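A.B. asks: I'd like to go over a predicted model; first the sequence, then the structure.
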Amino acid sequence: MRWLWNLVRRRRIHRELAEEVASHLEEKTAELMECGMSERQARQIAMREFGNATLYTEISREVWGWMTLERFGQDLRFGLRMLRRNLGFTAVAVLTLALGIGANSAIFSMLDAVMLRPLPVKDPEQIVEIATRTGTGGLHADFSYPLYAALRQSSDAFSGIAAYSRSTFGIGAPGQADRVPGAYVSADYFSVLGVQPAIGSGFGPNDESPGAPRSAVISYGLWQRWLGGDPAVQQKTITLNGYNFAVRAVAPRSFTGNVRGRPEDVWITLPHYADLGDSPGVMADPRTSWLALTGRLKPGIHIQEAQLRMTAQWPAGLAPDRNPGSWTAVLTPASGGNDVFVRDMRKPLGVLFVAVVLILGIACANVTSLLLARAQVRRKEMALRLALGATWTRLIRQLLTESLLLSLAGGAAGVFVATVTSGLYSGLPVSADEALTLDLSLNVRAFAFALAVSLVTALFLGVVTAWCACRVDLVPVLKEGAETVRPLRRWISLRNILVSGQIAMSLILLMGMGLFLRSLSKLQSIDVGFSGRQVLVLSLDLEEQRYTPERGKSFYADAMERISALPGVKSASLASSVPVTAGGRRMDLPPNFTNPPINEPTRIDMISVAPRFFETIGLPLLRGRDFGPLDSEKAPNTIIVNETMARIYWLDSDPIGRRLLIGKSAFEVVAVARDTKYRELRETARATMYTPLAQSYRPRMNVLVRTARPPMDLAPIVREQLRALDSTLPAFDIRTLSEHVGRSLYIERIQSLLTSALGLLGLLLTSIGVYGMVAHTVAQRTHEIGIRMALGAQAGAVRTLMLRRSLYATLGGMVVGLLASFSLARLVENQLYAISATDPLTMVAVTLLLVVVALVASYLPARRAAKVDPVVALRYE
Amino acid sequence: MRNQDNRDLFPGALEMMILQTLRRGPLHGYALAQVIKRASDDLLQIEEGSLYPALQRMLKAGWVSAAWGLSERARRIRQYRITPEGRKQLERKVSSFERMLNGITRVMRPIES
């Protein structure tokens, strides 16, 4: 601190010192003049006896320890001047570094949003997500309300356990409707997380009992958007799924729920699910598991210990299949919240992070060789400064300062690059009806990261250039003409190493690009069994507008009638879930629960469809008939099964007309549909059972329209028809069926897009590096080439001579790169589909591409070497 | 470069002499130079300027304090005053100096005899 204070009064201390010295000299002069000397003589003697005033002043200043800082200031000024003078060099170097650092910052901000950023709650490190594991290893993260209530009572390792269940609500006033994501939460949700609302207060214990008053906590964003930021928000009411809720509080701006990637806008307490979710009795039913649990560990309790205690204290008798002994509690740290939606992005991000580090390496290599080339030009300057008494440390400090300036400029430009690019991939849709919303805005952590990367870069550049500068031999450099004698071999070989490194890193990047592209194209060529390009899909949620099943059914019937009659529409239908969508309704059946019996547990996906579904999406019915008006509510239950289900229950015999008994319900099979991929493209065929919508009403449906024209052209007309039926019901997430299928490959697409971009960027930077190396060699050896040609060397031989060096560097780099690719293979192999991480075809293709690019990049300057005119080259001296 | 102010003297000698001189009363830089020169009968080759780095070091170490005042010729001068910390330092220096001198004298004696 004292040091800082001294720094602040530095100028005063300097002034006082100067004044003191001046006064000393004057005093002496005056005294000598009193002895009869002339003023001039007196002053001379005073000066002589004082000694070197400038030197003493400087040493006196140095006592205070600012010299380092002052020198740094000088270095900085000098460095800035140097950079300004070589604007071209500066621009290229800064741009190259900006690409390297920018790519790093962009990926880091993704990594931060997906993995690192903690929840904006009190002591986030105490937060855990709670799940259970069966004896056979299955992980279950869903709980019924009675089980939750009992767990909350029995477990003493937590200072609180909160329950939540995400949902989307229809919000609105008549004529004005929208959908907002939200959650049903336990009354202690906000207190367990330690979130203090910005306005009002969180829920109280009353809010979780039956008949709780309808009140909601809303997000800051919704308050601004929907209620115009009205300060009297606590007197307002909002309508959720057709029920009025009083606004009791506004969450702080930073808090949007505890689920990463899916911000929430509304929170209401659990009992309201009975009405809004049309599920009476859900609060008392131990068989309906609809809640996720998050808990706060008591301070000082380790997660392992909490897990053991929770398992030991597991309440008995609440869930017949979840009794103590057969289940263990599984706690996962959740300081960043529930990561279920972003978990799949971790591995791709790891790969991307490796890729951007390689890009930075390639960029650094380019800037280093630029700096080396410039250092050679500046050798004379350096030698002169050394000869005039500058110390090596001073020169090295100067070089370090210059590379620091370059890197910081590159870092600043890089942050800009990152800001621009991160906007490109945030909020991309991942699944049917919701987008993944990641906050990719650069925060303090991202800036700190960019700064750290810049500093490491500066250190690398500075050390390498300083190391090379130290190898200058003073005398020959100062001698005129010495420069043309022989380039320092070491510099050249360092350049070779840099280029080899670039080739190696580039090869790894291109391998990644090739593998992910091939994997994606294999995934995209998976046969889904239907054709979705001409199919329009819109989603509806009647529950959000408080439809009764009767009203819903008539709405569906009217909608189908209107849409089918539109010009350009070939057929229209409805489905509770369209392929390919993660999740969906399914039955888990114990062994021999059905007739025909199956001697093992079976799992059947259940999809509710309107007539003409198969025709509309183009999924063939192999045998039998489609659902029709006959399959009404009152008629006997009918089903259509897929090939896999037919095979499981009836083996090779024809299932049409057969009856399937599930528990006490009987179903008659009317058709067999072709297998498709319902949940994800990679799946092996699952047993799927289609039921007629009339016999299995669902409030959430997708409207499917097969069109004769481009589907999106018809979207406005279809929407218009739906709005004419009910103006308050939003039709959301309008897309074509092929688009919908493509979305299931969101992560793979992002990954191959980004690895391709990085691969090509790396290739570009590497080719610049190779070009630079050869061009530099040619420039250095013009004289030698001139002699060779004068002595009769052919142009071809000269070209080969120049190419040889880059060829060696390229081949060396390739060997290293291929070896590294093998060792990095395990990083990507579990992210590839139907292709090996050491796929020979990709390897050959990538190697060839790299060889061609390297040859072209070195051929251009080598050709120039062959055109050297011996007369000109020799006259140069 | 750093030690040029001490040439012809062992390290710390100048500081010791300054402290010793200041013990008799506060002085400004010029007067200090004159007193030391006179006291040593001009035997020590000290450039007057070399006092200042030493004074700055001692100011920073807190062995002396400084205050601006007016000289007899009504010129603005900076007067230095020894601090209690400076007195302690002087005692330490003197005793170690005496030990050193003692040692040197013992080594030198045989040659003289």
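C.D. replies: Done, it's in.
A.B. asks: can you map out the strands along the stretch 651-800 of chain A?
C.D. replies: A:659-662, A:665-673, A:688-692, A:700-707, A:732-736 (DSSP state E, counting those that start in this stretch).
A.B. asks: Also chain B?
C.D. replies: Per DSSP state E, chain B has strands spanning B:27-28, B:64-70, B:76-82. These are given in chain order.
A.B. asks: likewise the stretch 301-450 of chain A?
C.D. replies: Counting by DSSP E, counting those that start in this stretch, the strands of the stretch 301-450 of chain A are A:327-333.
A.B. asks: Looking at the strands of chain B, spot the one closest to A:G514.
C.D. replies: strand B:64-70 (74.2 Å; C-beta to C-beta). For the C-beta atoms, the positions are set from N, CA and C on the backbone; glycine is no exception.
A.B. asks: isn't A:I107 right next to A:L358, touching?
C.D. replies: No - contact criterion C-beta atoms under 8 Å: A:I107 and A:L358 do not qualify, at 11.5 Å.
A.B. asks: Let's test this: mean pLDDT of the biggest helix by length in chain B, rounded?
C.D. replies: When chain B is parsed with DSSP state H, its longest helix is helix B:84-112. Helix B:84-112 carries an average pLDDT of 84.
A.B. asks: Buried residues in it, which are they?
C.D. replies: B:G86, B:Q89, B:L90, B:K93 (16 or more other C-beta atoms under 10 Å in any protein chain shown).
A.B. asks: How about the residues of chain A by chain B?
C.D. replies: A:6, A:16-17, A:19-21, A:23-24, A:26-28, A:30, A:49-53, A:55-57, A:59-64 (C-beta under 8 Å from any C-beta of the partner chain).
A.B. asks: Quick check: ChimeraX command selecting the buried ones in these.
C.D. replies: In ChimeraX, this line selects whichever of the residues of chain A next to chain B come out buried by 16+ other C-beta under 10 Å:
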select /A:17,20,21,23,24,26,27,28,49,50,51,53,55,56,57,59,60,61,62,63,64
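A.B. asks: Apart from its neighbours in sequence, what residue is nearest the residue in chain B that chain A sits nearest to?
C.D. replies: Minimum separation of chain B from chain A (C-beta to the nearest C-beta) falls at B:E47, amounting to 3.1 Å. Once flanking residues are discounted, B:E47 sits nearest to A:G51: 3.1 Å by C-beta to C-beta, 6 or more residues apart in numbering or on different chains.
A.B. asks: Pull the contacting residues for A:I734.
C.D. replies: Applying C-beta atoms under 8 Å, 6 or more residues apart in numbering or on different chains, we find A:I734 in contact with A:L536, A:V537, A:L538, A:M712, A:A715, A:R719.
A.B. asks: Closest one of those to chain B?
C.D. replies: A:M712 (77.5 Å).
A.B. asks: So what's the residue count around the closest residue to the closest one other than its chain neighbours?
C.D. replies: Distances taken as C-beta to C-beta, 6+ apart place A:T736 nearest to A:M712, at 6.7 Å, with adjacent residues excluded. The number of residues packed near A:T736 is 20, by other C-beta atoms under 10 Å in any protein chain shown.
A.B. asks: again with A:R445
C.D. replies: 13.
A.B. asks: now A:L507
C.D. replies: If we define neighbours as other C-beta under 10 Å, then A:L507 has 30 of them.
A.B. asks: Let me know the next secondary structure element after the helix or strand harbouring it.
C.D. replies: Here A:L507 sits within helix A:489-524, counting by DSSP states H and E. Downstream of helix A:489-524, the next assigned helix or strand under DSSP H and E is strand A:535-541.
A.B. asks: and the closest residue to chain B within the stretch 1-150 of chain A, what is it in contact with?
C.D. replies: Proximity of the stretch 1-150 of chain A to chain B (C-beta to the nearest C-beta) peaks at A:G51, 3.1 Å away. The contact partners of A:G51, taken as C-beta under 8 Å, 6+ apart, are B:E47, B:E48, B:G49, B:S50.
A.B. asks: didn't A:G762 look like it was pressed against A:A504?
C.D. replies: No - the pair A:G762 and A:A504 does not pass the contact test of C-beta under 8 Å, sitting 10.7 Å apart.
A.B. asks: more crowded one of the two?
C.D. replies: A:G762 (29 against 26).
A.B. asks: Not counting sequence-adjacent ones, nearest residue to the more buried one?
C.D. replies: A:L509 (4.1 Å).
A.B. asks: A:S201 contacts A:Q234, doesn't it?
C.D. replies: No - contact criterion C-beta under 8 Å: A:S201 and A:Q234 do not qualify, at 9.9 Å.
A.B. asks: per-residue confidence at A:D473?
C.D. replies: 63.
A.B. asks: Then A:Y697?
C.D. replies: 94.
A.B. asks: what about the residue nearest to A:G762, how many neighbours?
C.D. replies: Residues near A:L509, counting by other C-beta under 10 Å: 28.
A.B. asks: Contact partners for it?
C.D. replies: Here A:L509 is in contact with A:A355, A:L358, A:I359, A:T755, A:L758, A:G759, A:G762, A:L763 (criterion: C-beta under 8 Å, 6+ apart).
A.B. asks: quick one on the thing from earlier: dump the strands of chain B into JSON lines; add mean neighbour count as well.
C.D. replies: Converted to JSON lines, those look like this (neighbours: other C-beta atoms under 10 Å in any protein chain shown):
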{"stretch": "strand B:27-28", "mean neighbour count": "22"}
{"stretch": "strand B:64-70", "mean neighbour count": "15"}
{"stretch": "strand B:76-82", "mean neighbour count": "19"}
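A.B. asks: can you put the ones you listed in JSON lines and add distance to A:D285?
C.D. replies: Listed next are these as JSON lines, based on distance: least, C-beta to C-beta, whole Å:
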{"stretch": "strand B:27-28", "distance to A:D285": "95"}
{"stretch": "strand B:64-70", "distance to A:D285": "85"}
{"stretch": "strand B:76-82", "distance to A:D285": "90"}
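A.B. asks: pLDDT of stretch A:868-877, averaged?
C.D. replies: On average, stretch A:868-877 scores 72.
A.B. asks: Tell me the residues of chain B that contact chain A?
C.D. replies: Residues of chain B lying near chain A (C-beta under 8 Å from any C-beta): B:2, B:4-5, B:28-30, B:33, B:47-50, B:52-53, B:55-57, B:60, B:71, B:73, B:75-78.
A.B. asks: Of those, just the buried ones, PyMOL syntax please.
C.D. replies: Remark: buried members of those, expressed as a PyMOL selection using 16+ other C-beta under 10 Å:
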select buried, chain B and resi 5+28+29+30+33+47+48+49+50+52+53+55+56+57+71+77+78
